[in-house]
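Participant: predicted structure and sequence below. I'll ask about it afterward.
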Amino acid sequence: MDRNKPLKTKYILEVSDLKKTFNDIDVLKGINFTAQKGDVIALIGGSGSGKSTTLRCINMLETPTAGEIAIFGQHIDLIPDHANGLKVKSKEQLRSIRQRIGMVFQGFHLWSHLTIEQNIIEVPTQVLKIPRDLAIEEAHELLKRVNLFDKRHQYPSCLSGGQQQRAAIARALAINPDLMLFDEPTSALDPELVSEVLAVMKDLASEGRSMIIVTHEMKFAAEVANKVLFLNQGVVEEAGTPNDIFYAPRSEKLKQFIRSIK
């Protein structure tokens, strides 16, 4: 997939009637939204509302039960599957799409047997076939950006949770992604470490990166996102600007949610 080729649509992501069922429980009941280049979209809502499942379906870490997803103007080819409802038809297509998406998880997911520098160069050298010297040079720039250059030769177990999450962000950036996905990146951190991770994410948003963020940090969402989606029981209950969502909620469910977090 040529990332320099103009899109036939203005959207880099289109999610249409996305559904996901686990053990006869409908977790997603029909999610619909779009993202344009440069959008920072925050997904908010209570526990079990479907936020993380939506994010994981975008990257096909979870295969939808029904619905359509188009990324960078290309529909992901899904075919019927007896066990899950749908499955990805082309592994090559999925690999191509994933090379343009960086994902940061709640639990860091760094490789414990590799140093921080090795974690960051692993995918560029092994998957993208970037020369090792160039990958190391770019890794050093990323580590400087997240204030971890002096930790480059240490292993993840030697770093704090906040440092590990910043390293995970640097690793996701190492593929120069066109879309960044963040799945509650601060929820596993001690409160005093949250701000250092959010500062890195704010910096990414300020440079115009396209980002979709599942978060429970409402102040952060209000400051950084240009769109907020409130998920409730597997659907987008309400969508709008941060001002719309946080200061002029329309649905009673959203009003209750806003009251509960104050």
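Facilitator: Sure thing, it's come through.
Participant: how about the helix of greatest length in the chain, which residues are buried there?
Facilitator: Secondary structure of the chain per DSSP state H: the longest helix is helix 191-206. By 16 or more other CB atoms under 10 Å, the buried positions in helix 191-206 come out as 193-194, 196-198, 200-201, 204-205. C-beta: built from backbone N, CA, C; applies to glycine.
Participant: same list (these) but as a markdown table, adding distance to Val40 and pLDDT.
Facilitator: Below are the buried residues of helix 191-206 laid out as a markdown table (distance: CB to CB, whole Å; pLDDT from 0 to 100):
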| residue | distance to Val40 | pLDDT |
| --- | --- | --- |
| Leu193 | 22 | 89 |
| Val194 | 18 | 92 |
| Glu196 | 19 | 92 |
| Val197 | 15 | 94 |
| Leu198 | 13 | 94 |
| Val200 | 14 | 94 |
| Met201 | 9 | 95 |
| Leu204 | 9 | 94 |
| Ala205 | 5 | 94 |
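Participant: please name the nearest non-neighbouring residue to His94.
Facilitator: Let me fix one detail, which is that residue 94 is Leu and not His. Val88 (5.1 Å; CB to CB, 6 or more residues apart in numbering).
Participant: oh sorry, the question was meant for Leu193
Facilitator: Leu193's closest residue in space is Gly162 (CB to CB, 6+ apart), at 3.3 Å.
Participant: and the residue nearest to Lys202 when sequence neighbours are not counted, what pLDDT?
Facilitator: Spatial nearest neighbour of Lys202, excluding adjacent residues (CB to CB, 6+ apart): Val224 at 5.6 Å. Listed pLDDT for Val224 reads 95.
Participant: surely Val224 meets Asp203?
Facilitator: No. Checked against CB atoms under 8 Å, the pair Val224 and Asp203 is beyond contact range at 10.1 Å.
Participant: now the strands: where do they sit in the chain?
Facilitator: 11-22, 25-36, 40-44, 66-71, 74-75, 78-81, 85-88, 101-104, 179-183, 211-214, 227-232, 235-240 (DSSP state E).
Participant: just give me the lowest mean pLDDT stretch among the ones you listed.
Facilitator: strand 85-88 (a mean of 86).
Participant: Ile175 touches Pro124, doesn't it?
Facilitator: Yes. Judged on CB under 8 Å, Ile175 makes contact with Pro124 at a distance of 6.5 Å.
Participant: settle it for me: which of the two has more neighbours?
Facilitator: For Ile175 and Pro124, the more surrounded residue by other CB atoms under 10 Å is Pro124, and the numbers stand at 21 against 17.
Participant: how many other residues sit next to Ala66?
Facilitator: Residues near Ala66, counting by other CB under 10 Å: 14.
Participant: now it, nearest residue through space, not along the chain?
Facilitator: Lys19 (4.2 Å).
Participant: OK, contacts around that neighbour?
Facilitator: 26, 28-31, 64-67 (CB atoms under 8 Å, 6 or more residues apart in numbering).
Participant: what do you get for Asp190?
Facilitator: 161-162.
Participant: next one: it from Gly85, what distance?
Facilitator: From Asp190 across to Gly85, the span is 39 Å (CB to CB, to the nearest Å).
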